[in-house]
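[1] here you go, sequence then predicted model.
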Number of protein chains: 2
Amino acid sequence: MTLVCDLLIQADTILTQDPDRTVIERGGIAITGDTITDIGTWDSIRPRYHAAKTLDLGRSLVMPGLVNAHTHAAMTLLRGVADDLPLMEWLTKHIFPVEQHLTSEIVELGALLACAEMTRFGTTAFCDMYLLEDATYRAVDRAGLRALGGEGIFMFPSPAYPDTNRGFEIVRELHEKWKAHPRIRQSVMPHAIYTTTPEILTRCRDIAEELTLPLHIHLAETASETRQCLETHGKRPLQYIHELGLLTPQTTLAHCVDLTDDEIALIAETGAVVAHNPESNMKLASGIADVPGMLRHGVRVSLGTDGAASNNALNMFTEMTSCALLHKVHGMDPTSAPAQVVLDMATLGGAGALHLNSVGALMPGMQADIIALDLDAPNLLPLHNPVSHAVYAATGAEVCMTMVAGEVLYNDGAYQKIDYPALVDEVRSLRDWVRSHLA
Amino acid sequence: MTLVCDLLIQADTILTQDPDRTVIERGGIAITGDTITDIGTWDSIRPRYHAAKTLDLGRSLVMPGLVNAHTHAAMTLLRGVADDLPLMEWLTKHIFPVEQHLTSEIVELGALLACAEMTRFGTTAFCDMYLLEDATYRAVDRAGLRALGGEGIFMFPSPAYPDTNRGFEIVRELHEKWKAHPRIRQSVMPHAIYTTTPEILTRCRDIAEELTLPLHIHLAETASETRQCLETHGKRPLQYIHELGLLTPQTTLAHCVDLTDDEIALIAETGAVVAHNPESNMKLASGIADVPGMLRHGVRVSLGTDGAASNNALNMFTEMTSCALLHKVHGMDPTSAPAQVVLDMATLGGAGALHLNSVGALMPGMQADIIALDLDAPNLLPLHNPVSHAVYAATGAEVCMTMVAGEVLYNDGAYQKIDYPALVDEVRSLRDWVRSHLA
């Protein structure tokens, strides 16, 4: 019997990330609508399907799109404005002064640039916390990517709201506006302990429960956050949010640098997900999260880039490299953070951080969020081990095709959905606006 | 008066790396033969020159080609064959068994692949230690790159020689054969303390002095090397080679992970150059070299990738990122290893490691070793600070033009000197040979 599908993809090597971590040589993928319907060797797939279209990716490595578990997309506009500075000077003298003047149009432009960058470097889904988040959703919708987003909730005014009550209304409005979107989902996002109150955190938890939404918060990013939390609330950060009821399997905790072993065990017990951001933590000298310890305790760990102002790229391939290398040297153990574990963090782990079970692997029934890397790139030759290449050798620029929900967003050097040359011109014209608001 | 030149280059932004670290907007470079004859704003350069050819690089960032201060080029063939393993298991069970079977043809192929990768990612010169080094020189000659190389000298037989005496003859033969080459220079390269004897090291020093050649050695890579040196020679590695007379301004020491403050001061005093390899040291969990301490003491520090078997790329852009991020988090100081300092290591520092004073900056009289990065790449937008972008945001794949000694090696996606498709086919055909020699 011949089956029908919309698209058949053919490629030299497919890294499925299925439960057996199957790698298929000379493989094929059948896609209908936004969903993978079949996957296997090309010889087994091709004869069984009648496809409306075939995409021969030739000598390429096909794998699930990477998932960026924590970022602030629109901060691309601030890329490189301030580096090599202490965290508080960086934040208060360079980042905050510009952010005060943000408008919806500017956030949309910055987020669209971020989407272009992520598309180009093989990230198909991301988790975003920022200001005026509706503008980021518009960019995600235009770019064709997948995102879990949230308006940052603070105890002080933001460019999006004059007071926190209005902030909560915006969360509800965004939920209503975007809840039917196939690729965009809302999360409740209190910014951090030090920018909120216990009442605000409790209310965030209640809204998340009421609307059945996940919750995302910066947590335990630095030792000074811990000191401040102890001074203000008499508890360390994790215990503090735990007692407020924020630790659930629907919670994602960004950073988790300053944790004790017992706290790591508590995260594992509650089922919360950690979004690890090694490059941002390194660049801001925040410290090194105990990821090997988290993995030993069974914590679900994902990987993120953080914003482009503290990274300075939104590149999940180089983030995987940094993650693997950092934990090896930190623990003086070259077997730590092996390639497969790090790739799992950037795919299946990311799906966990976005609280989506339909992405992170290439299997029947999963969303067709697929990328292909050019195996003729000199840094991917020869091919002894595709997982090793993905984590240690690729820069992400080898990505030659990016697909989300069955739709090709980028192929052979060209964006399919966004007008990239127009975007470049717009971003360039905004450079002086950014500079004018710097100290 | 109108001056004559072979080539005028025009570009949006030129990062000169001259003593003032001048950045020129809308700049121009005049080149005659292999040499830069003039550099300045396009408006000042253009009217004064009659050029045989003009190369308009448009919206690009032009900068000196990066210098890889320590690598083993032909090890590209072993990229990804063995990761996430303890150093000695990696070396004795995976790397050495394959290397025993190396032939000149195979080394040349691996080195040519390395040259293709370096050319693609903006490295124009490198320092190479390997076996059958004549084959690497042939690859460098074909690819058009610049290299300082050396036959690895061991106390045991290598694929290049049955005994060390013959190894020394090879050093002399290689010197005779290549000494007139404009882009290839020889160095004397005892492999390491633990693979040589005091007599071999003394002889290496004598030959280097006799032929006026630099000397390059792996040194203090791990704490276990130090222990072994103490056991065998009763001294720590640096003191041991110092007493043998190996520390001179013509010496480059690769790694220098396990050093005391006094040892760092001694390196500064003797004028020897350090080749720092952060990614390899991280991946093999060798430790973290005290680069901020070296810089404080005035040591000349350069940057290298080490071989592709322990990195797994020969990418100086991502190496710069790793270097900057590693030292910030290690010292818990975000001002450590700032972008300009790291870029200096990868350009001027590299020139020091190769003992060449004609590369590392774009100035009149310097060799025309020049690269251009596409400033329309999404990860390089917007452009607030070109040095920040080079170190923190670029992957190296943005390189759109690579020139060595005035000759374009790569432009707009195409190699100009090597037959890249043929190279890809050859490398692929060799994959099974490598696998057949693995355990």
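    Arrived safely, thanks for sending. Numbers count the residues shown, from 1 in each chain, chains lettered A, B, ... in the order given.
[2] enumerate every residue touching the closest residue to chain B within the stretch 301-439 of chain A.
    Nearest to chain B, among the residues of the stretch 301-439 of chain A, is A:A397, at 3.1 Å (CB to the nearest CB). C-beta here means a position set from N, CA and C on the backbone, and glycine is covered the same way. Neighbour list for A:A397: A:R120, A:F121, B:T395, B:A397, B:E398 [criterion: CB atoms under 8 Å, 6 or more residues apart in numbering or on different chains].
[3] any idea which element the residue positioned nearest the centre of chain A lies in?
    For chain A, the residue sitting closest to the mean C-alpha position, by CA atoms, centre = their mean, is A:N68 at 1.6 Å. According to DSSP states H and E, A:N68 maps onto strand A:66-71.
[4] next secondary structure after that strand?
    Downstream of strand A:66-71, the first helix or strand assigned by DSSP H and E is helix A:87-89.
[5] which parts of that next one are buried?
    A:L87 (16 or more other CB atoms under 10 Å in any protein chain shown).
[6] and the next helix or strand past that helix?
    Heading C-terminal from helix A:87-89, the first helix or strand you meet, by DSSP H and E, is helix A:96-99.
[7] tell me how far that next one lies from the chain's centre.
    In terms of CA atoms, centre = their mean, to the nearest Å, the centre of helix A:96-99 is set 23 Å apart from its chain centre.
[8] any part of that helix near chain B?
    No. Helix A:96-99 lies out of reach of chain B by CB under 8 Å from any CB of the partner chain, never closer than 10.9 Å.
[9] so how far is the next helix or strand after that helix off the chain centroid?
    Remark: after helix A:96-99, the chain's next helix or strand is helix A:104-120, criterion DSSP H and E. With CA atoms, centre = their mean as the basis, helix A:104-120 stands 14 Å off its chain's centre.
[10] ok, the helix or strand that helix A:104-120 is followed by: who's next to it in the sheet?
    The C-terminal neighbour of helix A:104-120 among helices and strands, as given by DSSP H and E, is strand A:123-130. Strand A:123-130 sits in its sheet next to strand A:66-71 (parallel), strand A:146-153 (parallel), going by DSSP bridges.
[11] about what we covered before: now the residue nearest to the centre of chain A. Nearest residue, chain neighbours left out?
    Spatial nearest neighbour of A:N68, excluding adjacent residues (CB to CB, 6 or more residues apart in numbering or on different chains): A:F126 at 3.8 Å.
[12] let me know whether the one you found touches A:A143 as I believe.
    No. Applying CB atoms under 8 Å, one finds A:F126 not in contact with A:A143, separated by 10.8 Å.
[13] distance from the chain centre to the lowest-mean-pLDDT helix or strand in chain A, please.
    Least confident helix or strand, chain A: helix A:87-89 with a mean of 80, by mean pLDDT, DSSP states H and E. The chain centroid and the centroid of helix A:87-89 are separated by 24 Å, computed with CA atoms, centre = their mean.
[14] stretch A:381-396 now?
    21 Å.
[15] can you show me the CA trace of it as CSV?
    Extracted in CSV, the C-alpha atoms of stretch A:381-396 (Å, rounded to 0.1, in the frame of the first residue of the first chain):
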residue,chain,number,x,y,z
LEU,A,381,35.4,16.3,7.8
PRO,A,382,35.9,13.4,8.1
LEU,A,383,32.7,12.1,9.7
HIS,A,384,33.6,9.6,12.4
ASN,A,385,30.9,10.5,14.9
PRO,A,386,28.0,12.8,14.1
VAL,A,387,27.2,13.5,17.8
SER,A,388,30.9,14.6,18.4
HIS,A,389,30.7,16.9,15.3
ALA,A,390,27.5,18.5,16.5
VAL,A,391,28.9,19.3,19.9
TYR,A,392,32.6,19.8,19.4
ALA,A,393,33.3,20.7,15.7
ALA,A,394,30.3,22.6,14.3
THR,A,395,29.9,26.3,14.6
GLY,A,396,26.3,26.3,13.7
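[16] domain assignment for chain A?
    Here the domain assignment for chain A is A:3-64+A:366-415, A:66-353, based on automatic domain parsing.
[17] tell me which of the strands paired with strand A:123-130 lies nearest to B:A372.
    strand A:66-71 (28.3 Å; CB to CB).
[18] average pLDDT for that closest one?
    In this model, strand A:66-71 carries a mean pLDDT of 98.
[19] now stretch A:259-267
    Here the average pLDDT along stretch A:259-267 is 98.
[20] contacts for that stretch next, please.
    Contacts for stretch A:259-267 (CB under 8 Å, 6+ apart): A:220, A:236, A:238-239, A:242, A:247, A:253, A:256, A:274, A:289-290, A:293-294, A:297, A:299.
[21] hang on, the earlier thing: now do the residue nearest to A:N68 against chain B, distance only.
    Taking CB to the nearest CB, to the nearest Å as the measure, A:F126 falls 14 Å from chain B.
[22] can you check the pLDDT for that residue?
    98.
[23] cool, the one 3 residues further on as well?
    For A:M129, the model assigns a pLDDT of 98.
[24] please give me every residue in contact with it.
    For A:M129, the contact set (CB under 8 Å, 6+ apart) comprises A:H70, A:H72, A:G149, A:G150, A:G152, A:M189, A:H191, A:H216, A:H218, A:A254.
[25] let's see that with 10 Å instead.
    With contact set as CB atoms under 10 Å, 6 or more residues apart in numbering or on different chains, A:M129 has these partners: A:70-73, A:136, A:148-153, A:187, A:189-192, A:216-218, A:252, A:254, A:307.
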